[in-house]
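sequence below, structure please.
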Amino acid sequence: MNPDEDFYTLSKNVVVRVLADSDLNSTAKMDPHPVIIKVYLKYMTMKNFDEMSKDIIEFLNVNAKHESDGTTLKIFTVLIFDKACNDHSFTKMAARISRRIAEAISRDIKDEKVREKTGEFACGGNLFQKYLLKHLQEEFEKGISCDLPDPKGSTKNNSESSNTVDGSHYWFGLVRLMAELFKVDMLSFEIANTIISKLLDNHTSNKCVESSIVFLQIAGDHLENSSRWRQLGYGSHVEIAIKRYFHTFQSLIDKPDFDPRLRSKLQELVLLRNSSWVKKPE
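So this is what the prediction gives:
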């Protein structure tokens with residue numbers, strides 16, 4: 001049976017799927033919510049995205065509305081975050097479902113330990129964004145302080161295949177997730193600029209340089225060309241920021257002792273920007 005078709009028949013009662021899965025059953029009996037959320041994320045595809053996102057929102061609304069500490073929403077935030085960082089093919093979908101949840105979950109979901117500037121309890125989409133941004137900041141600050149050994153003698157060109165040491169796959173998944181969240185306007189210009197600036201402040205670290213390349217490969221077009229920033233009054237700030245990034249990149253390209261692999265990737269990034277962020281057909 002096709003997994004997608006099978007799940008469609010169970011999408012309104014995902015517990016059936018959990019209890020039918022022998023690998024999940026024992027864990028589900030102890031704490032069903034994390035396991036049920038994992039099942040939703042496991043079977044979500046671009047094809048069934050609309051239906052699945054509705055079911056996830058319904059699940060969160062039903063199971064979290066009577067909580068005073070946002071437990072179920074916290075669980076969902078951590079699980080979708082970790083799946084996106086560990087499965088790079090899921091990052092774009094993780095950003096999409098995050099945006100959908102921020103727009104649509106019930107304001108009945110609240111956390112009495114988290115307050116807005118008004119003094120009211122944070123709730124609904126605002127609460128989810130606070131959870132997500134807090135987790136993102138914690139993981140970014142932790143990851144940027146831990147450099148990764150550089151692979152020696154690698155001939156591979158993409159960040160995922162050329163960084164196989166422990167921790168690198170998760171880190172580059174995090175970078176990709178941040179870029180995808182920025183593309184769907186879940187991160188502000190200020191946050192994106194802070195991320196790239198902190199990476200380039202550590203330009204002696206190959207990991208940080210490559211991370212800035214990955215971020216801009218994904219989100220450079222949205223950063224430089226989205227009308228959103230001009231509408232919000234950030235047009236000149238964006239222009240200044242982009243010039244600063246590429247001035248740093250050029251200075252690295254011009255360094256005789258700079259890593260040849262990263263020099264090549266930076267040159268490709270410069271060409272990508274010069275072509276208005278449109279990738280040439282392979």
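
could you pull up the residues touching the most centrally placed residue in the chain?
Centroid-nearest residue in the chain, with CA atoms, centre = their mean: Leu177, separated by 2.0 Å. Going by CB atoms under 8 Å, 6 or more residues apart in numbering, Leu177 touches 81, 84-85, 91, 94-95, 136. C-beta here means a position set from N, CA and C on the backbone, and glycine is covered the same way.

which one of those residues is nearest to Leu232?
Nearest to Leu232 among these: Ala95, at 19.8 Å, using CB to CB.

next, the contact list for the closest one, please.
Applying CB under 8 Å, 6+ apart, the residues near Ala95 are 84, 177, 180-181, 183-184, 186.

hmm, back to that, just the buried subset of the contacts of Leu177, please.
For the contacts of Leu177, a neighbour count by 16 or more other CB atoms under 10 Å gives the buried set as 81, 84-85, 91, 94-95, 136.

just these now: which is nearest Ile191?
Proximity of those to Ile191 was ranked by CB to CB; the top entry is Leu136 with 8.6 Å.

in the stretch 51-200 of the chain, which spans are strands?
Taking DSSP state E, counting those that start in this stretch to define them, one finds strands in the stretch 51-200 of the chain at 110-115, 121-123.

to Tyr170, which of those lies closest?
strand 110-115 (26.1 Å).

just checking, Glu224 touches Ile240?
No: counting by CB atoms under 8 Å, Glu224 stays clear of Ile240, with 11.6 Å between them.

among these two, which residue is more densely surrounded?
Higher neighbour count among Glu224 and Ile240: Glu224, with 17 against 11, using other CB atoms under 10 Å.

now the more buried one: closest residue in space that isn't a chain neighbour?
The shortest distance from Glu224 to any non-neighbouring residue, by CB to CB, 6 or more residues apart in numbering, is to Ile242 (5.4 Å).

so how far is Ser227 from the one you found?
15 Å (CB to CB, to the nearest Å).

circling back to that earlier point, of the buried ones among the contacts of Leu177, closest to Phe59?
Using CB to CB, those come closest to Phe59 at Ala94, 16.5 Å.

test my guess that that closest one contacts Glu180.
Yes: contact criterion CB under 8 Å: Ala94 and Glu180 qualify, at 7.1 Å.
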